[in-house]
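Visitor: Fold the following, please.
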Amino acid sequence: MVRSRWNRIPEFRAAPDEDAKLRVLRAILKAHHDDPKNKRPVVFDKSPAWPSLLETVELLLKEKAKVLVPVRDVRDVLAECEQMFRVNNGTWEFPQEEAHFLKWQTVEGRCEVWMARDQAVGLAYNRIRDAVHRGFSDRLHFVEYDRLTHEPKKVFQGIYEFLEEKPFAHDFQHIEQVTHEDDSHYGLPPVHVLRPKLKPSEPLWPKVLGKVAKRYTPLNELWQAKAD
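Guide: Presented below is the predicted three-dimensional model:
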């Protein structure tokens, strides 16, 4: 917000000072993560917006960014969205239903809505695609869902190598959820709930989406050759 609104303030517009803007941005980033009660040498800042802001990140960090990009077969992502709709449709109206009423009446239409440029799946996908097109491929480390659930130790080894951090022995059979989000702020029912064990799952899209899924198969090519 500081980045986007700084130059709208008349006083700052009348006397531009880009160095001051950068100092403020760096100070906010540092202060936000510098919790005196919970000192941590490494911080993971989660946001689907980071791929669109890598130039800003690198200006603030004064080094190349390192971004872990969790990805999953787009067909299964859409199948999860569709399944979420079906489970909650009895008592929950999604904001997209009111905004895109006619499209929302079919599986095909709901997938088109989720994949729209201003919706969760489409926006996240386009941000990643654009970061690749802008030449940031070496800053992105794709972590593919199916490989993670089938070969977690191998995938995590790749993550630590990318981050240049010392590996840590994880217990994938006892996963504790320590962060919690109120998904209603995103216009969603509760979705950020972790399973206590990491294990593979069967693809959802053949049963949930059927033939509708075919049009989204090529989208996975964005990361298939690069995913861990």
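
Visitor: In terms of pLDDT, where does Ala227 sit?
Guide: Ala227 carries a pLDDT value of 70.

Visitor: just Leu204 next, same as before
Guide: Reading off the model, Leu204 has pLDDT 95.

Visitor: Would you check that it makes contact with Leu78?
Guide: No: counting by Cβ atoms under 8 Å, Leu204 does not reach Leu78; the two are 9.1 Å apart. Placement of C-beta: from N, CA and C, glycine included.

Visitor: Tell me which of those two has more neighbours.
Guide: Leu78 (25 against 18; other Cβ atoms under 10 Å).

Visitor: Tell me which residues touch that one, please.
Guide: By Cβ atoms under 8 Å, 6 or more residues apart in numbering, the contact set of Leu78 is Cys111, Trp114, Met115, Val121, Trp205, Leu209, Ala213, Tyr216.

Visitor: now the fourth one, nearest residue through space, not along the chain?
Guide: With sequence-adjacent residues excluded and distances taken as Cβ to Cβ, 6 or more residues apart in numbering, Val121 is closest to Trp114, at 4.6 Å.

Visitor: So that neighbour is in contact with Gly122, correct?
Guide: Yes: counting by Cβ under 8 Å, Trp114 sits close enough to Gly122 to count as a contact (6.8 Å).

Visitor: what about the two, which has more around it?
Guide: Neighbour tally, Trp114 and Gly122, criterion other Cβ under 10 Å: the higher count belongs to Trp114, 20 against 17.

Visitor: The residue nearest the centre of the chain and Cys81: what is the separation?
Guide: Most central in the chain under Cα atoms, centre = their mean is Pro48, positioned 3.5 Å from the mean C-alpha point. Between Pro48 and Cys81 the computed distance is 15 Å (Cβ to Cβ, to the nearest Å).

Visitor: For the residue nearest to Thr56 when sequence neighbours are not counted, report the pLDDT, please.
Guide: Sequence neighbours aside, Arg3 is the residue nearest to Thr56 in space, at 5.9 Å (criterion: Cβ to Cβ, 6+ apart). According to the prediction, Arg3 has pLDDT 88.

Visitor: Now whatever helix or strand Arg3 lives in: buried residues?
Guide: According to DSSP states H and E, Arg3 maps onto helix 2-5. By 16 or more other Cβ atoms under 10 Å, helix 2-5 has no buried positions at all.

Visitor: what helices or strands is that helix leaning on?
Guide: helix 18-33 (3 or more Cβ pairs under 8 Å, 6 or more residues apart in numbering; DSSP states H and E).

Visitor: what's the average pLDDT for the helix it packs on?
Guide: Helix 18-33 comes out with an average pLDDT of 92.

Visitor: moving C-terminal of the helix holding Arg3, what's the next helix or strand?
Guide: helix 10-14.

Visitor: if we can go back for a sec, with secondary structure and distance to His141 as new columns, can the contacts of Leu78 be given to me in CSV?
Guide: Output for the contacts of Leu78, formatted as CSV (DSSP: H, G, I helix; E, B strand; the rest coil; distance: Cβ to Cβ, whole Å):
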residue, secondary structure, distance to His141
Cys111, helix, 28
Trp114, helix, 25
Met115, coil, 24
Val121, helix, 21
Trp205, helix, 25
Leu209, coil, 28
Ala213, helix, 27
Tyr216, helix, 23
